[in-house]
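Asks: What follows is a predicted protein model with its sequence.
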Amino acid sequence: MTETMELQTQPIEQRSPTAMEAIQRAEASMAIHTAKQYPRDTAIALRNATQLVTFSKEAAEATHYCLPRGGKMITGPSIRLAEALASSWGNLRIQTVVKEIGEEAVVVCAMGHDLESNTAISVDVRRRITDKRGHRYNEDMITVTCNAAASIAYRNVVLRLIPQAVWQSVYNAALKKFRDGDEPIETRRKRALSWFADRGISSKQILQKLGLAKEDDIVKDHIVTLQGIKNAIVDGDITMSTAFGNGTEGKATKATPPPPPPQPVPVTPVKESSIPVPPPPPPAPATKEEPEAEPEPEPVAETQAVPETPAVPTPPADAEEDHRVSVTSSAQAEVKQPSPPSNGTEQLWSELKAKREQIDKTQFAWCKEQCGIERVRQGMPRDKMELLMGYIDQCIERNKADG
């Protein structure tokens, strides 16, 4: 007995495109139609690209990069050459988009479309956004990393859309222009070494990377290699430490000048409007506490010894008190305590003590903590006293506001 199974089919729902999709389709269709109507001339495109990259010495030297990998130098066309090729080739659409910003890396996608041949390519470039200790970059450095990844992705898309058989001659013409420069080799050598020396790379490190013994051995091909490393660093392909290593051997012999001594920061009298708004001070305790002892003056380093009082005959009983008073007064007159060092802050110190009485112990401890003061004493720097008074004024105002 044969069972017959019936298949049920449902019609596919056809969704009409949205207005935005319709606009995008119309734009793409119009661009392809225009490209077919005005096709590129390969010979003219190559001639224009060659003129762009050989227009000047600066244009030619920026068209290649060199990456140290595994003891070898990997060379290739740079971002600047890709820009010149895209401008001259024509009928191209290229777009870069940041796809992802993660905790450790960013991913940038470049999409290219050759409208004339209807060839589309997309390339993803991933770049790390953490340092060697695993700390994440700040927002500015993440933005710089995204821009560098976008430029690299742009270059890779252009060099894949345009066949290498086409742009290789343009690349070779730019290299020849830079290698056979008009300047003497001594001038070019000095300029190349100077650029790296300004960034902490010594000539010893450069010679070690090139496998040479002395600076006079650097010839035109080595100048091209150094310029390629420079371009790779500027474009964000590698870092200076990746190019020359992090070892201490061969570090720049140029001594780093010591940092300048710290200069005192001028402090203007603290006003309520200029004081930074700190976190609210702790509330005053409900129970009454003993007020903090009065700030004592700075202890005196040395004290003049009190001379021994000569033996005095035992006075009568009724004159004992008068004799004690006279001896004590004479001893105090002989021992003169040196006054604490004065820096013109006596009046300020008096105001500080008066305001101290208007807040409790907990608030005063908070004020000292905000100012970074462990001990309040007479003769302390004026700026510290003014800063402390500013925080005390804030506590007084809050106490008044709280009733």
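Replies: Nice, I can see it.

Asks: can we go C-alpha only for contacts and neighbour counts from here?
Replies: Fine.

Asks: shaky segments in the chain?
Replies: Across the chain, the ranges flagged by pLDDT under 70 are 1-17, 246-344, 403.

Asks: can you map out the strands along it?
Replies: For the chain, the strands defined by DSSP state E cover 64-69, 72-77, 92-101, 105-114, 119-128.

Asks: Just send those back as CSV, with mean neighbour count and distance to residue 382 too.
Replies: Formatted as CSV, the strands of the chain follow (neighbours: other C-alpha atoms under 10 Å; distance: least, C-alpha to C-alpha, whole Å):
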stretch, mean neighbour count, distance to residue 382
strand 64-69, 20, 58
strand 72-77, 16, 62
strand 92-101, 16, 49
strand 105-114, 21, 50
strand 119-128, 17, 49
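
Asks: who wins for proximity to residue 236 among these?
Replies: strand 119-128 (9.8 Å; C-alpha to C-alpha).

Asks: how far is that closest one from where the chain is centred?
Replies: Distance of strand 119-128 from the chain centroid (C-alpha atoms, centre = their mean, to the nearest Å) equals 27 Å.

Asks: contacting residues around residue 231?
Replies: Contact partners of residue 231, counting by C-alpha atoms under 8 Å, 6 or more residues apart in numbering, are 62, 64, 65, 66, 78.

Asks: For those residues, which two are the farthest from each other?
Replies: 62 and 66, at 11.3 Å, using C-alpha to C-alpha across the contacts of residue 231.

Asks: what sits in contact with each of those two?
Replies: 227, 228, 231.

Asks: Go through this protein and flag its longest helix.
Replies: Using DSSP state H, we find that the single longest helix of the chain is helix 139-161.

Asks: Quick check: which helices or strands does that helix pack against?
Replies: helix 79-89, strand 92-101, strand 105-114, strand 119-128, helix 220-235 (3 or more C-alpha pairs under 8 Å, 6 or more residues apart in numbering; DSSP states H and E).

Asks: Could you export the ones you listed to a markdown table, including columns for distance to residue 389?
Replies: Converted to a markdown table, the helices and strands packed on helix 139-161 look like this (distance: least, C-alpha to C-alpha, whole Å):
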| stretch | distance to residue 389 |
| --- | --- |
| helix 79-89 | 60 |
| strand 92-101 | 47 |
| strand 105-114 | 49 |
| strand 119-128 | 49 |
| helix 220-235 | 52 |
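
Asks: Which one of the ones you listed lies nearest to residue 393?
Replies: Between those, strand 92-101 lies closest to residue 393; by C-alpha to C-alpha that is 46.7 Å.

Asks: For the stretch 151-300 of the chain, which segments count as helices?
Replies: According to DSSP state H, counting those that start in this stretch, the stretch 151-300 of the chain carries its helices in the segments 164-179, 185-197, 203-210, 220-235, 240-244.

Asks: State the distance from residue 65 to residue 392.
Replies: Distance of residue 65 to residue 392, computed by C-alpha to C-alpha, to the nearest Å: 62 Å.

Asks: what's in contact with stretch 39-49?
Replies: So stretch 39-49 is contacted by 84, 85, 87, 88, 89, 90, 91, 116, 166, 167, 170 (C-alpha under 8 Å, 6+ apart).

Asks: cool, stretch 102-112 as well?
Replies: 92-101, 120-130, 136, 145-146, 149-150, 153-154, 157-158, 161.

Asks: Repeat that for stretch 163-171.
Replies: Here stretch 163-171 has contacts from 46, 49, 50, 53, 63, 64, 77, 81, 85, using C-alpha under 8 Å, 6+ apart.

Asks: at 10 Å instead, please
Replies: By C-alpha atoms under 10 Å, 6 or more residues apart in numbering, the residues outside stretch 163-171 that reach it are 42-43, 45-54, 60, 63-64, 76-78, 81-82, 84-85, 89, 159, 175.
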